[in-house]
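S.K.: Take this sequence and fold it.
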Amino acid sequence: MPVSRRSWAVVGNGENRRVGLFATAARAAGVGTPRVVEWRDVLRDGGHDFAADEIVRLDSPGENGEVDRLLRGVDDPTRVEGSATWYARFLAAAGSLRGGVRLDDPAELAVLFDKRLCHARLAAAGVPVPPSPTSGGALPVRGWADVRAALREHAMPRVFVKPAHGSSGSGILAVETAAHRIAATTSVEVAAGGRLHNSLRVRRLTDEREIAGIVDTLAPDGLHVERWLPKAAVAGRSADLRVLVVAGRATHAVVRTSRHPMTNLHLGGARGDLAAVVAAAGDRWAEALDVCERAAACFPGTLCVGVDLLPAIGWRRFAVGEVNAFGDLLPGLTGLRGSGAEALDTYATQLAAVRGAAPFGAPAMPRSPHRLQPRNPT
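M.R.: So this is what the prediction gives:
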């Protein structure tokens, strides 16, 4: 049966922007409107059955307060704590889906949503990543004392401390030491009673007791520590890239810039000039995309991933910071030249890949320094 005639389902939240964009792309591609299966119903009912030939795409369970409460176990969606509970309940919910043709492998989701496991898988495959003492869970972080010891023992004066199951910059601290001084940059806000909340305002902390209190509160959910690599700059702002890889091909890219260590757009980051980045990288641009494709190849059962690529100063080397299962919310962005997705947004590209449309149904094109170029500045 041709793929275009199969029924489609999206497991997500009907009001999510991602679901709406995917449905629009599906209608435009002539595959009809996907049926939406609500995460809240999956969580309440303990599973869901799909027809054997129904194509099932998972979407982020975020962006919905009720779903977040069911997963995290806390009433306030701004709370940082509870990520380990979120992780366990999300994996159980994803595993309770039965039947269908899945575009997201449950076992790979377990790795993608644990930064320690993801780091270890990438490193084992030879994908460049920031050095980390917690990779694969080698070093359990029970609190600030363990972070301090890791800084000393691994000669890492600057590190990122991340919730192992966090996303969207939640709970991250960029920690730096100099002589006997310690500082941390974070969006975490400490409320009455020591509760931690996500804030849209990034702040700099210089009181080690305050930093330690945050880390100690987050530690029971699991923490990942990695070296803070100096990054290249665009127009005087620190920069990294979100590169979407669909069916093994790097298809879309966005430059994210910031004046502080976190480049998340909702934390004050801004889109940079992709054409300027490609020019600055020169013949290393193809290497940058190759690194992203190698990272995605570590998750062959997942159709689409968003790779956070960290460029070194001078754009001569690249490392992978994270690989995101739901990193495709890049509205209005069309594909890189030579990717086969030049006129497609991120969702239309995924639909084309599933349907076997060119170039996804054909052998990969030869790699060259100019194979993929930006179609338009972003």
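
S.K.: where in the stretch 101-250 of the chain is pLDDT low?
M.R.: Nowhere does the stretch 101-250 of the chain drop to pLDDT under 70.

S.K.: cutoff 90 now
M.R.: Along the stretch 101-250 of the chain, segments meeting pLDDT under 90 span 166-170, 178-180, 192-194, 199-201, 235.

S.K.: ok, now the stretch 251-378 of the chain?
M.R.: 258-271, 337-338, 355-378.

S.K.: now the strands: where do they sit in it?
M.R.: Secondary structure of the stretch 251-378 of the chain (DSSP state E, counting those that start in this stretch): strands at 270-271, 304-311, 318-324.

S.K.: To V175, which of the ones you listed lies closest?
M.R.: strand 318-324 (15.7 Å; Cβ to Cβ). In short, each C-beta sits where N, CA and C put it, glycine included.

S.K.: which helices and strands does that closest one pack with?
M.R.: Judged by 3 or more Cβ pairs under 8 Å, 6 or more residues apart in numbering; DSSP states H and E, strand 318-324 is in contact with helix 115-124, helix 285-296, strand 304-311.

S.K.: ok, now with 6 Å
M.R.: helix 285-296, strand 304-311 (3 or more Cβ pairs under 6 Å, 6 or more residues apart in numbering; DSSP states H and E).

S.K.: what ranges do the helices span in this protein?
M.R.: Assigned by DSSP state H, the helices in the chain fall at 17-28, 39-45, 65-72, 83-95, 106-112, 115-124, 144-153, 208-218, 274-281, 285-296, 346-355.

S.K.: so how far is the third one off the chain centroid?
M.R.: For helix 65-72, the gap between its own C-alpha mean and the chain's C-alpha mean amounts to 20 Å (Cα atoms, centre = their mean, to the nearest Å).

S.K.: residues of it that come out buried?
M.R.: V67, D68, R69, L70, L71, R72 (16 or more other Cβ atoms under 10 Å).

S.K.: Rounded mean pLDDT for that helix, please.
M.R.: Taken as a whole, helix 65-72 has a mean pLDDT of 92.

S.K.: What is that helix packed up against?
M.R.: Checking 3+ Cβ pairs under 6 Å, 6+ apart, helix 65-72 ends up next to helix 39-45, helix 83-95.

S.K.: List the contacts of it.
M.R.: Helix 65-72 has contacts (Cβ atoms under 6 Å, 6 or more residues apart in numbering) with W39, R40, L43, P61, D75, P77, G82, T85, W86, R89, F90.

S.K.: one step back: could I get the strands of the stretch 251-378 of the chain as CSV with distance to S168 and mean neighbour count?
M.R.: Listed next are the strands of the stretch 251-378 of the chain as CSV, based on distance: least, Cβ to Cβ, whole Å; neighbours: other Cβ atoms under 10 Å:
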stretch, distance to S168, mean neighbour count
strand 270-271, 16, 16
strand 304-311, 12, 24
strand 318-324, 10, 23
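
S.K.: With A232 as the reference, name the closest of those.
M.R.: strand 304-311 (4.2 Å).

S.K.: If I take that closest one and strand 318-324, what angle do their directions form?
M.R.: Here strand 304-311 runs at 150 degrees with respect to strand 318-324, directions being taken by axes from the mean of the first three to the mean of the last three Cα atoms, to 10 degrees.

S.K.: Give me the packing partners of strand 304-311, helices and strands only.
M.R.: By 3+ Cβ pairs under 6 Å, 6+ apart, strand 304-311 packs against strand 237-246, helix 285-296, strand 318-324.

S.K.: I'd like the distance from that strand to the chain centre, please.
M.R.: With Cα atoms, centre = their mean, you get 7 Å for strand 304-311.

S.K.: Sheet partners, orientation included, of that strand?
M.R.: Strands that pair with strand 304-311, judged by DSSP bridges, come out as strand 237-246 (antiparallel), strand 318-324 (antiparallel).

S.K.: Residues touching the shortest one, excluding its own?
M.R.: So the one you mean is strand 318-324. So strand 318-324 is contacted by 112, 118, 122, 127-130, 288, 291, 295, 305-311 (Cβ under 6 Å, 6+ apart).

S.K.: A51: how many residues sit nearby?
M.R.: 13 (other Cβ atoms under 10 Å).

S.K.: Could you report the separation of it from S7?
M.R.: 7 Å (Cβ to Cβ, to the nearest Å).

S.K.: Same question for D207.
M.R.: D207 is 56 Å from S7, by Cβ to Cβ.

S.K.: for G14, same thing?
M.R.: Relative to S7, and taking Cβ to Cβ, G14 is found at 17 Å.

S.K.: How about R227?
M.R.: R227 is 47 Å from S7, by Cβ to Cβ.

S.K.: in stretch 90-97, what's buried?
M.R.: F90, L91, A93, A94, L97.

S.K.: Extract the C-alpha trace of it and format it as PDB.
M.R.: C-alpha atoms of stretch 90-97 as PDB (Å, rounded to 0.1, in the frame of the first residue of the first chain):
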ATOM      1  CA  PHE A  90       7.100   9.800  29.600                       C
ATOM      2  CA  LEU A  91       9.000   6.600  28.700                       C
ATOM      3  CA  ALA A  92       6.200   4.500  30.200                       C
ATOM      4  CA  ALA A  93       3.600   6.500  28.100                       C
ATOM      5  CA  ALA A  94       5.600   6.200  24.900                       C
ATOM      6  CA  GLY A  95       6.100   2.400  25.600                       C
ATOM      7  CA  SER A  96       2.300   2.000  26.100                       C
ATOM      8  CA  LEU A  97       1.600   2.900  22.500                       C
END
